[in-house]
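[1] model this:
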Amino acid sequence: MNARAGDSGEWDVVVVGAGPAGSAMAALLAREGLSVVLLDKSVAVPPPKICGEYVSPGCLPILRRLGALSTLRTLARPLYGMAIHTPAGRILHTKYPDAGPASEEPAHGLSVTRARLDAVLLDLAVKSGAVVEAGFQASDVRRNGSSLEVRGRFRGGVARRRARLVVGADGRHSAVARQLGFVRRHPWLDKMAFVAYVRGARRASDIGEIFLGRDRYAILNPIADDLTNLGVVVNRSDVPRGEDPRRSLWSMASAMAGLGDRLRTASLAAPGRCLGPLAYRVASLSGPGVLLVGDAAGFLDPFTGEGIYGALRSAELAARRVLSGWTCDGPPPSALAAYARDWTRERNPKWRLCTGLQHAIRRPWLAEWLVARLQPRPALATALMAAVGDLAWMPTLRRSRSLPRAGLTSPRPDR
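    Sure, this is the predicted structure:
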């Protein structure tokens with residue numbers, strides 16, 4: 001296996017970003033014999049991340065194909081469904097659909113810290129033959145003859161890494177996507193996430209819980225017996241200017257209906273952190289010699305836990321196209337464009353679902369109505385959970401029983 005750059009100093013692939021998308025991409029390419037260098041701006045890899053730390057059921061088959069699932073099962077907690085709480089006190093209890101009679105256990109997701117998840121995937125990339133360079137601050141991507149060059153700062157000096165392919169896997173604030181001019185602001189979603197670990201919170205042990213508020217929501221995700229990931233997502237315009245993120249998180253979460261009581265005996269186990277704006281799109285997922293995976297390829301909102309699945313699945317699709325089309329000059333533009341079509345086609349139904357749920361969050365009356373209509377329809381709620389859990393896409397939901405046919409055509413709000 002050619003784990004190092006060739007005599008010319010050129011790598012087959014430079015991957016920017018050592019999160020789940022970058023590590024998965026590096027592992028998949030390196031194990032097939034390509035020389036891969038994985039760059040990350042953080043000196044400590046895997047880098048710390050702000051995340052709800054939820055791995056959807058749809059991620060598990062990908063993790064199995066990567067060879068990481070058996071290790072992660074020893075580090076993670078299974079989640080079998082969700083409970084959605086409305087401001088008026090309605091609760092929608094949902095479970096992920098059964099995987100079928102041949103399955104050894106019920107369908108479930110995983111609750112696992114990013115420190116553990118990212119470390120497992122990074123270790124997989126290294127064992128597959130990728131070289132990791134921590135502390136490389138990428139700032140520029142340029143064409144250099146027949147190859148591309150990633151420029152940045154590394155160990156106190158200017159550094160360059162040449163490759164036939166550059167993969168942007170560097171998250172929501174992707175230097176690769178922004179330097180290429182691909183980033184576009186979302187037309188109306190403008191939210192921030194506040195996340196912290198808490199101890200002493202009253203919560204379920206084997207499901208995730210979502211608490212809806214007025215144009216905001218909070219999530220309780222059980223990480224360990226007495227450790228919970230608490231997240232609050234709000235409009236940026238609702239965040240008090242200059243206030244400490246820890247105080248903002250606690251005051252907003254404590255004021256939400258149904259959640260405040262759960263936190264009366266709780267305390268912060270680690271300082272709160274914030275991230276925003278969350279939502280953005282990219283004009284293109286690929287260009288000559290460049291492609292984007294994971295959050296670098298666009299992000300909407302963490303309500304349905306799209307992040308980890310998007311990272312793993314986009315990397316898998318991208319690696320498949322890159323490897324099938326690889327030549328001595330790297331992958332042809334047609335292979336990169338095919339990946340962009342593949343991921344756009346697969347991702348868009350989930351994004352449409354996410355957008356619809358965001359409209360419900362913005363209108364409390366609509367959220368109350370939707371939960372009230374789903375409560376007596378367990379089959380439809382389960383189908384919705386299949387889509388939310390990345391076990392099926394919206395076409396499957398429509399075929400099983402569409403929202404309009406189930407009597408879920410939205411009414412007008414009471415005036």
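
[2] can you tell me which residue is nearest the centre of the chain?
    Centrality entry for the chain: nearest residue to the mean C-alpha point is residue 307, 0.8 Å, by CA atoms, centre = their mean.

[3] Apart from its chain neighbours, what residue comes closest to that residue?
    Computed as CB to CB, 6 or more residues apart in numbering, the closest residue to residue 307 that is not its neighbour in sequence is residue 295, at 6.2 Å. Every residue, glycine included, has its C-beta placed from N, CA and C.

[4] for the residue nearest to residue 270 when sequence neighbours are not counted, what are its contacts?
    With sequence-adjacent residues excluded and distances taken as CB to CB, 6+ apart, residue 270 is closest to residue 197, at 4.6 Å. By CB atoms under 8 Å, 6 or more residues apart in numbering, the contact list for residue 197 reads 223, 227-230, 268-270.

[5] Give me the mean pLDDT for the lengthiest helix in the chain.
    Across the chain, the longest stretch assigned as helix under DSSP state H is helix 333-362. Predicted confidence along helix 333-362 averages 90 (mean pLDDT).

[6] Quick check: beta-bridge partners of residue 140?
    For residue 140, the beta-bridge partners are residue 151 (DSSP bridges).

[7] how about the longest helix of the chain: buried residues?
    335-340, 342-343, 347, 349-351, 353-354, 357-358, 360-361 (16 or more other CB atoms under 10 Å).

[8] now for it, which elements pack on it?
    Packed against helix 333-362 by the contact rule (3 or more CB pairs under 8 Å, 6 or more residues apart in numbering; DSSP states H and E) you find strand 286-287, strand 290-292, helix 306-324, helix 364-374, helix 378-388, helix 394-401.

[9] Take those and write them to a markdown table, including distance to residue 93.
    Converted to a markdown table, the helices and strands packed on helix 333-362 look like this (distance: least, CB to CB, whole Å):
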| stretch | distance to residue 93 |
| --- | --- |
| strand 286-287 | 41 |
| strand 290-292 | 37 |
| helix 306-324 | 22 |
| helix 364-374 | 10 |
| helix 378-388 | 8 |
| helix 394-401 | 19 |
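
[10] out of the ones you listed, deepest packed?
    Ranked by mean neighbour count under mean count of other CB atoms under 10 Å, those are led by strand 290-292, which reaches a mean of 28.

[11] Show me what the residue nearest to residue 270 bridges to in the sheet.
    Beta-bridge pairing for residue 197 (DSSP bridges): residue 229.

[12] And for stretch 84-101, what's in contact with it?
    Contacts of stretch 84-101 (CB under 8 Å, 6+ apart): 57, 80-83, 106-109, 209-214, 256-259, 364, 367-368, 371-372, 374-375, 381-386, 389, 391.

[13] oh, I was asking about stretch 331-345
    164-165, 284-291, 297, 313-314, 317-318, 320-322, 324-326.

[14] now stretch 59-77
    With CB under 8 Å, 6+ apart, stretch 59-77 has contacts from 24, 27-28, 55, 109-112, 116-117, 120-121, 124, 205-206, 222-224, 308-309, 312-313, 316, 390.

[15] now residue 24, what's its secondary structure?
    helix (DSSP: H, G, I helix; E, B strand; the rest coil).

[16] The helices and strands packed on helix 333-362: which one's closest to residue 39?
    strand 290-292 (14.1 Å; CB to CB).

[17] How far off centre is that closest one?
    Taking CA atoms, centre = their mean, to the nearest Å, the mean C-alpha location of strand 290-292 is offset from the chain mean by 17 Å.

[18] Now for the protein, the helix or strand with the poorest mean pLDDT.
    Between all helices and strands in the chain, the lowest mean by mean pLDDT, DSSP states H and E belongs to helix 394-401, at a mean of 45.

[19] Now the closest residue to residue 372 other than its chain neighbours. Its backbone dihedrals?
    Spatially, and ignoring its direct neighbours in sequence, residue 372 is nearest to residue 90 (6.2 Å; CB to CB, 6+ apart). Per-residue torsions, residue 90: phi -70, psi 150 (degrees, to the nearest 10).

[20] mind listing the helices for the stretch 51-200 of the chain?
    Counting by DSSP state H, counting those that start in this stretch, the stretch 51-200 of the chain has helices at residues 59-66, 69-73, 114-128, 175-179.

[21] Now do the third one against helix 306-324, angle only.
    Read that as helix 114-128. Angle, helix 114-128 to helix 306-324, by axes from the mean of the first three to the mean of the last three CA atoms, to 10 degrees: 10 degrees.

[22] Report the buried residues of helix 114-128.
    114, 116-122, 124-126, 128.

[23] Which elements pack onto that helix?
    Going by 3+ CB pairs under 8 Å, 6+ apart, helix 114-128 lies up against helix 20-30, strand 36-40, helix 69-73, strand 131-134.

[24] Wait, residue 166 touches residue 176, no?
    Yes - using CB atoms under 8 Å, residue 166 makes contact with residue 176 at a distance of 6.7 Å.

[25] name the helices or strands packed onto the longest strand along the chain?
    Ranked by residue count, the top strand of the chain under DSSP state E comes out as strand 157-168. The contact analysis (3+ CB pairs under 8 Å, 6+ apart) places strand 157-168 against strand 10-16, strand 36-40, strand 147-154, helix 175-179, strand 290-292.
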